[in-house]
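1. give me coordinates for this.
(one chain, ligands or ions: 1)
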Amino acid sequence: MIVTLTPNPSIDRTIALASPLERGAVLRAVSVTSQSAGKGVNISRAAVAAGVPTIAVMPAAQDDPYVHELLRDGIDCRPEPPAGAVRMNVTLTEPDGTTTKINSPGATVTAASLDRLRAALHQRAAGAGWVVLAGSLPPGTPPEWYADVVADLQQVGVPVAVDTSDAPLIALADRLETAAPDLLKPNAEELASLTGGDAEQIEADPLAAAAAARVLVHRGVRSVLATLGAGGAVLVTADGAWHATPPPTTVVSTVGAGDSSLFGFLLGSLRELPPSECLRLAVAYGSAAAALPGTTIPTPDHLHPELVDLAELPVPAET
Ligand SMILES: O=P(O)(O)OC[C@@]1(O)O[C@H](CO)[C@@H](O)[C@@H]1O
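-> Predicted coordinates for the structure are as follows:
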C-alpha cells in the first residue's frame, strides 16, 4: 500500500501548441486537456495502473469535480475540507517536446485545515509500505510543515518518501538529523539548492550528482533518488551508488516524469528488488512518462525496463 499526501493538488491543464512557443504572439493549440493531478496524486495514479493499493490524501471538497474525476479513475482518495478551491496549473507543450509550466500558488490554507490533513494522513499511514509527501505547500503553510509530518510518521514507523522543492525542501534539509525521510527525490536543481553545487553540472555528470546525493545520505537520508532529466537518474544509499540511463525517448511532455520515476522506485522497493533494480524501474517509468502527452502517467504496458542502461558508480570522495 502506498499512501500519498498532496497538500497542494492541481488541475493540470495542458495546451499542446501547433508551433514553437513565441512570446507576444497569437498561438494555435492542437489540443487542450485537463487532468486531476498534483505530485502525490500522480503517484497514486501510477499505483492504480500497476495494481498497487493506494490512498491519496489531499485538501479538496467532497463534491469537487476534481475528486469526482479521481474516483472515476479508480483512485481511492480521502479529500479533507480545504481552505479554498483546487488550483489550476498550465502546461504548454511544443511540437519538439519542450515543456513550459506555470504553476499557481493555490489557495491560502488555515492552521485548522493543515491539522485535519495531517491527522487524516496519520490515520491512514499505519501499515503502509510507503507514505509519500509530495509537491509544494500552499500559501499559509509553515515551510517546516513537511519536516514535522516526517517526524510524526517516524513515530508511526512507516517508510517516508519526500519530493518537494524551494523553502519546504530547505526546511526539511535543516532537520535531517531528527526528521530524515527514508527516500528523497530531488532533481538536479533541488539537489544543488541543498548542497550548494552547480545544477547544470549535477544534471550533466552522474558522478557530481552522486557526490551531492551522498552528502544527504551522510546526514541520515536512507536513499537519494536524483532525477537528471534526459540523463536518467542516480541512486545513492549507504551501500553504493548507481546511474541509470533511459532508452532513446521522443519527449512529448515532461510533466509527471519525476512522479512516475518516484513511483517506479517505490514499486521496486515494494517488490523487494535490489536498489539498482529499483533505479531501473524508476528510469523506465520516468522515460515512459516523458513520451506521453500532458500529465499522462504510464501504465506497466508503456515500460521498457530492459532498455534502461545500469552502471554502478564508484563511491564518491568524501566532501
Ligand atoms: O507546484 P508543485 O506542487 O511543486 O507541482 C505541481 C505539479 O507541477 O507537479 C505535478 C508534476 O510533477 C503536476 O501534476 C503538478 O501540476
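2. residue 162: helix or strand, and which one exactly?
-> Residue 162 belongs to strand 160-163 when assigned by DSSP states H and E.
3. partner strands of that strand and their direction?
-> The pairing partners recorded for strand 160-163 under DSSP bridges are strand 130-134 (parallel), strand 183-184 (parallel).
4. out of these, nearest to residue 225?
-> For those, the distance to residue 225 is smallest for strand 183-184, at 6.4 Å, taking CB to CB. Any C-beta I mention is one placed from the backbone N, CA and C, and that applies to glycine too.
5. which residues make contact with the helix or strand just after the closest one from outside it?
-> Downstream of strand 183-184, the first helix or strand assigned by DSSP H and E is helix 188-195. Residues outside helix 188-195 that contact it (CB atoms under 8 Å, 6 or more residues apart in numbering): 165-166, 169-170, 173, 186, 197-200, 202-203, 209, 212-213, 215-216, 224, 226-229.
6. out of those, which are buried?
-> Buried members of the contacts of helix 188-195, scored by 16 or more other CB atoms under 10 Å, are 169, 173, 186, 197, 202-203, 209, 212-213, 215-216, 224, 226-229.
7. which two among the residues you listed are spaced furthest apart?
-> 173 and 229 (21.6 Å).
8. quick check: which of the strands paired with strand 160-163 is buried the most?
-> Highest mean neighbour count among those (mean count of other CB atoms under 10 Å): strand 130-134, with a mean of 28.
9. next one: residue 131 from residue 1, what distance?
-> To residue 1, residue 131 is 9 Å away according to CB to CB, to the nearest Å.
10. check residue 225 too.
-> Separation of residue 225 from residue 1 (CB to CB): 20 Å.
11. just want to know which of these two has more residues nearby.
-> Set side by side, residue 225 and residue 1 show more neighbours around residue 225, with 28 against 17, by other CB atoms under 10 Å.
12. next up, the contacts around that one.
-> 183-185, 233-235, 261-262, 265, 279, 282.
13. please apply the same query to residue 275.
-> Going by CB under 8 Å, 6+ apart, residue 275 touches 223, 235, 237, 239-240, 242.
14. can you map out the helices along the chain?
-> Secondary structure of the chain (DSSP state H): helices located at 39-50, 65-72, 111-125, 145-156, 166-174, 176-179, 188-195, 199-204, 206-218, 257-270, 275-290.
15. now do the fourth one against helix 111-125, angle only.
-> I take that to be helix 145-156. On the basis of axes from the mean of the first three to the mean of the last three CA atoms, to 10 degrees, helix 145-156 is oriented at 30 degrees to helix 111-125.
16. which elements pack onto helix 145-156?
-> helix 111-125, strand 130-134, strand 160-163, helix 166-174, helix 176-179 (3 or more CB pairs under 8 Å, 6 or more residues apart in numbering; DSSP states H and E).
17. could you find the closest non-adjacent residue to the residue most central in space within the chain?
-> Centroid-nearest residue in the chain: residue 259, 3.5 Å away (criterion: CA atoms, centre = their mean). Excluding the flanking residues, the one nearest residue 259 by CB to CB, 6 or more residues apart in numbering is residue 42, at 3.8 Å.
18. one more: residue 34?
-> residue 13 (5.0 Å).
19. check contacts around that neighbour.
-> Contacts for residue 13 were tallied using CB under 8 Å, 6+ apart; they are 32-34, 88-91.
20. now, those residues that are in strands?
-> If you go by DSSP state E, the contacts of residue 13 have 32-34, 88-91 in strands.
21. ok, which of the contacts of helix 188-195 also contact the ligand?
-> With CB under 6 Å from any ligand atom as the criterion, the contacts of helix 188-195 include residue 165 near the ligand.
22. lowest-confidence one in the buried ones among the contacts of helix 188-195?
-> Least confident entry in the buried ones among the contacts of helix 188-195, by pLDDT: residue 197, with 88.
23. next, the contact list for the nearest residue to it once chain neighbours are set aside, please.
-> In this structure, residue 197 finds its nearest non-sequential neighbour in residue 212, 4.9 Å apart by CB to CB, 6+ apart. Applying CB under 8 Å, 6+ apart, we find residue 212 in contact with 191-192, 194-195, 197, 202, 226.
24. from the ligand, how far out is residue 212?
-> 20 Å (CB to the nearest ligand atom, to the nearest Å).
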